[in-house]
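# everything below, folded, please.
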Amino acid sequence: MGKRLRDLCPKGVNVYFDNVGGELLDTVLGRLAMRARIVLCGGISGYNDMRGMYGLRRYMNLLVTRSRIEGFVVMDYAARYKEAAQALGGWLKEGKIKHQEDIMEGLENAPAALRRLFEGKNRGKQILACK
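Below you'll find the model as predicted:
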C-alpha cells in the first residue's frame, strides 16, 4: 500500500478525505505534503472492534509537515444538499467525476455483501440487487 502511494503521489498527499481510518490513514500520514489537509469523515476499519482499534503510528508527521486533520459530518451541511446534488450531477454528466458500483445479486447474498463493506473488499458503492 505504501509503495503504491509513493508511486501515485511522489511529492506527497495534499488532501485526503478519510472514511476508513486505521492502517490506511496511518499510511497516508506517512506521505503527507507540507500543509496537507485530512478530512476525517469516518473510520469503518475499526467499527466492529473498538477494543482492538488500530493505533496511528505516524501521527507526528502532522507536526513535521504542519498539516491538519478536521472532522466532517455531512449533517452540518443539510441546508446545501440540493445545491450539492445539482453540482455533483452536472460533474458526473460532464465526466469530471466517476463512480463505481459493486453489485451482488440475490437476497441470499445480503450477509456476504455486508461483510464485504467491513472487510474492505467492495470496490465503490456496495449494492445488493434483489429480483
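
# where is the longest helix in this structure?
Assignment by DSSP state H gives helix 81-94 as the longest helix of the chain.

# now what about that one, what contacts it?
Tyr77, Ile97, Lys98, His99 (Cβ atoms under 8 Å, 6 or more residues apart in numbering). Glycine gets a C-beta too; all of them are placed from N, C-alpha and C.

# separation between the residue nearest to Glu23 when sequence neighbours are not counted and Gly21?
Nearest non-adjacent residue to Glu23, counting by Cβ to Cβ, 6 or more residues apart in numbering: Tyr54, 5.6 Å away. Using Cβ to Cβ, to the nearest Å, Tyr54 is found at 7 Å from Gly21.

# the strands in this protein, which residues?
13-18, 32-40, 68-71, 101-105, 125-129 (DSSP state E).

# so which of these is nearest Asn61?
strand 32-40 (5.4 Å; Cβ to Cβ).

# that closest one pairs with which strands, and in what direction?
Sheet pairing of strand 32-40 (DSSP bridges) gives strand 13-18 (parallel), strand 68-71 (parallel).
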